[in-house]
Each structure stands twice: as C-alpha cells, then as structure tokens.
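Undergrad: missing the sequence, but the structure's below:
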C-alpha cells in the first residue's frame, strides 16, 4: 500500500487546492496567479506520480470530478482503504501489461538491429558493435574502468552523458548494470564500443528518472579510456 499512499498524497494536495480555489472563498493574501501556479505545480507532481506508477488508461474527467466532490464535502462511494486496494490491484495489472508491451517492442527492435553490419549478440541477449577494438588489455568484472560515454533511449533521447559533463567516469564493473559489466569486457583498453542493452540487463521495470522510464532498452556509446586492474589497485593500497 506504500505506492498508493504516495499517490494519495498527490490527490490530497489536489483536494486542498480545490478547497482553496474554485467555488471556495478566496483566502486573504492569496492571489489568482498564485493559485494557478500551485495548481499547475500539483498537476505536474501528480502526473509524474501516475506516470512513474505505470497507471495508464485513467479517465481524468472522473478523477477531477471525484476530487472536487470529495474536497467540497461530498461523500465518496468507496472508503479510502478500499480505494487503495483498487489502485494497487490496477497498478499490478498495468505493470504486467506494460512489461509485455515493452518486451514485444524490444524483441522486434533487436531482431532488426542484429541484422545491421557489425552488430553481434551475446548469449545473454546483449547486442554490441566494436567500433575500435583497442589494445590487448581486457577488463574483468572485478576491475575498475575509466570511460567516456553517452546513454540514449531507442528514440534518441539522451539520459546520461559524460561528454556533456566534460569529464571521464571511473567505476568498478561489478557495481553497474549487467549490460555494462558484460559489455566492457568485450573491448580492449583504448577501444570504443556501442551497446544495445535489453531492459533485463539494464534497470528492468524500474523508472530511474523522468528521462529514463521503466522497461527501457538502453543504447550506450562507450570509449574505454583506461583499465585499472583489481590486483594493481590492491598493490597500490598496500604501498
């Protein structure tokens, strides 16, 4: 019920706004512009909650009508606890349906993508293209790598980029998504690789941000600048 309580907070905020505006007496010192501004802000917040919870197909005319009725003292047809069960049950069904839809879309894309020149597919389903093989030094899952990279969705939306920040990034390969752990072992130091990461090798059903929704297939362009071997790091610490 935790997710419902989170959504309910957005509903409650909307009800509070409804009680301050509309047919209600205007509060002293509160301007129409302020009410419009905070109404929009709550709409953004509540809309983001709905999106992140994968609540699709809602009839917003019913949502807004019910909010106004309850905020103005009307009696709800169902108790808040029952409403919670209804919402949570629907959220679970939406998550399953969205997952199946995204899985189908991803499978269709990857089936076409692996036909492109130079694209290879591993046993896990990771697709990759080695743009530059680099030298003979290869990373293992326990090593730390220094990279420059750009991450995009299939529609080209950039959700992360070290290039934009103007600096390389270092991280241990055993502490990142499975697609990265595997992919960075396929190219040598100084090389460059493009990765197409299925969502089961990425962040799965989790929405990481507004720009990185749930069930995202990820595309990474990565330059492997340097490999710091785990053994070398231990020896340096002893010194």
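TA: Yes, it's here. What you see is a predicted model; the values in this text were computed from it and never measured.

Undergrad: which SS state does residue 150 fall under?
TA: strand (DSSP: H, G, I helix; E, B strand; the rest coil).

Undergrad: Find me whatever residue is spatially closest to it, sequence neighbours aside.
TA: Closest residue to residue 150 apart from its sequence neighbours, by C-beta to C-beta, 6 or more residues apart in numbering: residue 161 at 4.4 Å. Yep, even glycine has a C-beta here, placed from its N, CA and C like the rest.

Undergrad: Check which helices and strands the top helix by length along the chain sits against.
TA: The longest helix of the chain (DSSP state H) is helix 80-113. For helix 80-113, the contact count by 3 or more C-beta pairs under 8 Å, 6 or more residues apart in numbering; DSSP states H and E identifies helix 2-20 as packing neighbours.

Undergrad: Distance from the longest helix of the chain to the middle of the chain?
TA: The chain centroid and the centroid of helix 80-113 are separated by 14 Å under C-alpha atoms, centre = their mean, to the nearest Å.

Undergrad: Next: stretch 40-56.
TA: Going by C-alpha atoms, centre = their mean, the spacing between the C-alpha centre of stretch 40-56 and its chain's C-alpha centre is 14 Å.

Undergrad: go on, stretch 172-191?
TA: Centroid separation for stretch 172-191 versus its chain: 21 Å, with C-alpha atoms, centre = their mean.

Undergrad: got the buried residues for it?
TA: Neighbour counts over stretch 172-191 (16 or more other C-beta atoms under 10 Å) mark 173, 177, 179-189, 191 as buried.

Undergrad: likewise stretch 114-133?
TA: Of all the residues in stretch 114-133, those buried under the rule 16+ other C-beta under 10 Å are 119, 126-130.

Undergrad: now stretch 86-102
TA: Of the residues in stretch 86-102, those with enough neighbours to count as buried (16+ other C-beta under 10 Å) are 87-88, 90-91, 94-95, 98-99, 102.

Undergrad: can you check stretch 219-229 too?
TA: In terms of neighbour count (16+ other C-beta under 10 Å), stretch 219-229 has its buried residues at 219-225, 227-228.

Undergrad: Contacts for that stretch, please.
TA: Residues outside stretch 219-229 that contact it (C-beta atoms under 8 Å, 6 or more residues apart in numbering) are 131, 134, 137-140, 143-154, 168, 170, 179-180, 183-184, 187-197.

Undergrad: ok, back up a step: okay if I get the buried residues of stretch 219-229 as TSV plus distance to residue 75?
TA: Rendered in TSV, the data for those read as follows (distance: C-beta to C-beta, whole Å):
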residue	distance to residue 75
219	52
220	53
221	57
222	58
223	62
224	64
225	64
227	66
228	65
